[in-house]
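Novice: 3D, please:
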Amino acid sequence: MRLIITLPLLLGGFVAAATPPPGYRILVASESGDIVTQLVWDGTALTVAKVVPVGIMPADIDGPHNVTVAPDGSAWYVTIAHGTPYGSLWKMSAGTDSLLGRAQVEMFPTTISVTPDGALAFVANSDFHGDHPRVNLVSIIQTATMTPLTNLRACDMPHGVKVNHAGSFVYVSCMNSDEILEIDRQSLRITRRHKTGAGMAMGAMPAHTAGPAAAAPGHDCSPTFVSVSPDDRRLYVACNHGNTLQVLDAATLELVKEIPVGAGAYNVEPSADGRWVIVTNKKAQSISLVDAHSLTEVATIPTSKSLPHGIAYSPEGRWAFISQESVGADPGAVDVIDLTTRARVATIAVPRQPTGITILRTP
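Specialist: As a prediction, this is how the structure comes out:
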C-alpha cells in the first residue's frame, strides 16, 4: 500500500475548543483515532483545549498508544503502534505540537519512559500480534536526534517500562514470561530478572532468584505495568492475571507484599508525594487506591466506563485522571478522582480508544 504523508497538514493543524488557563494540560492518546487530545481541568470541569493529529496513513489506523513528556517540558513523545511493519516513537514540540523527529522502533510499541536528564527514551515493544512465546525487544532512543541506539532482546511481551528517579536503572514488566527486568542505564544491559509468576517458558534466559518471597510456581501475575516509588526504594507491579499489586524491594527485587486489588489490574502509578498508589482494574470498572505506607487498599472507586486504562496525577497531587478505553461505538472517557474525598467528581468523553495519559506543564 502506498503511504501518503502530509506531515505539515496533519501535524500543524488542530481543533481548538477552549482557551486553557495557565498550569497544565492532560494529554490523552486515542489509539483508534490517531489523535492526542489535550484537556484542561479548572477544578470543576474538564474541557478540550486542542486535538492534535498524529497519524500519517490516511487509509489505516496508525495506533498511538502511550504518551509521555520530556523532563524539561520542552517536548512530548507518543508511540505509534502500527507501521510498515514496525512502529515508531514521535517527538512533538510542547509549544507548537508540531513534529520534531521520529525514530523507528519494533513491533507494536506500547509504553515509553524517558531518563531524568531527557537524553534517552526506552520503549517496550509488545508485539501483540506475533507468535508467542518469543523474545521481544526494548528499543533505546537518543532523544536529541531521535536516533535508535540499540534494541535489547528482553522477554516475552514487554509492556510496561519505567526509569527510576535517579536515572540509574530502568524496569520492564513482561506479560507472557511473567517477570520484571532491570536494565542498567550506563551499560544498556539487562542486569537482573525477577519472576513475578509462572508465565510462559523462555528457554535458557536466566532469571534472578529473589529468595523465599519470590512468586510461587503456578501463580500467574502477567505484569502489565511497573512503576517506581518516589524514593526509588520500591517497585509496584500490576498483576493482570493475579488481580494483585506486587510490591518489590528495588535493591533486592524480593517481594515485600502482594496486595489484592480489583480484577484485571492493568496500570499502576504512585503519587509524587509517596502517599498513594493507584491501580486501574480493567476487568472490574474501577480503580484501587492503595496507601503506600501501610500497603493496604483503602478504597475502590468505580469508573464511568468499563475499561479503565491509564493514570496521571495533577501537579499539586489532589486530583487523579483516569483514561478509559472505548467499547464499540461508545466513546471512552477521562475521569477525575478527588483524592481528598476518594470520589469521582467529573468525566469527559474522549473518542476512539483513549489509552495513554500524562501531564504537560504549561507556562
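
Novice: helices of the stretch 1-150 of the chain, start to end?
Specialist: 7-12 (DSSP state H, counting those that start in this stretch).

Novice: hmm, V228 and R234 touching each other?
Specialist: Yes. Between R234 and V228 a contact is recorded at 7.5 Å, counting by Cβ atoms under 8 Å. (Glycine included, C-beta is placed from N, CA and C.)

Novice: so what sits against both of those two?
Specialist: A250 (Cβ atoms under 8 Å, 6 or more residues apart in numbering).

Novice: so what's the residue nearest to the spatial centre of the chain up against?
Specialist: Closest to where the C-alpha atoms of the chain average out (Cα atoms, centre = their mean) is T111, at 4.7 Å. Contacts for T111 (Cβ under 8 Å, 6+ apart) come out as 65-66, 79, 123-124, 159-161, 225, 356.

Novice: and it, how far from S139?
Specialist: 11 Å (Cβ to Cβ, to the nearest Å).

Novice: flag the shaky bits of the stretch 201-350 of the chain, pLDDT-wise.
Specialist: 201-218 (pLDDT under 70).

Novice: nearest residue to the residue nearest to the centre of the chain other than its sequence neighbours?
Specialist: Using Cβ to Cβ, 6 or more residues apart in numbering and skipping the chain neighbours, the partner closest in space to T111 is N66 (4.6 Å).

Novice: list the residues that contact that neighbour.
Specialist: Contacts of N66 (Cβ under 8 Å, 6+ apart): 29, 78-79, 109-112, 310, 355-356.

Novice: now E31
Specialist: So E31 contacts 61, 63-65, 81, 352-355 (Cβ under 8 Å, 6+ apart).

Novice: P230 too?
Specialist: P230 neighbours (Cβ under 8 Å, 6+ apart): 165, 270, 272-274.

Novice: looking at those, which are in strands?
Specialist: Among the contacts of P230, DSSP state E puts P270 in strands.

Novice: so G262 sits in a helix?
Specialist: No. With DSSP: H, G, I helix; E, B strand; the rest coil as the criterion, G262 is located in coil rather than a helix.

Novice: that one - how many residues pack around it?
Specialist: 23 (other Cβ atoms under 10 Å).

Novice: among the contacts of T111, which ones are in strands?
Specialist: Using DSSP E, the contacts of T111 in strands are 65-66, 79, 123-124, 159-161, 225, 356.

Novice: look up how far T37 lies from S168.
Specialist: S168 is 34 Å from T37, by Cβ to Cβ.

Novice: have a look at the two and say which one is more surrounded.
Specialist: Comparing S168 with T37 by other Cβ under 10 Å, the one with more neighbours is T37, at 27 against 13.
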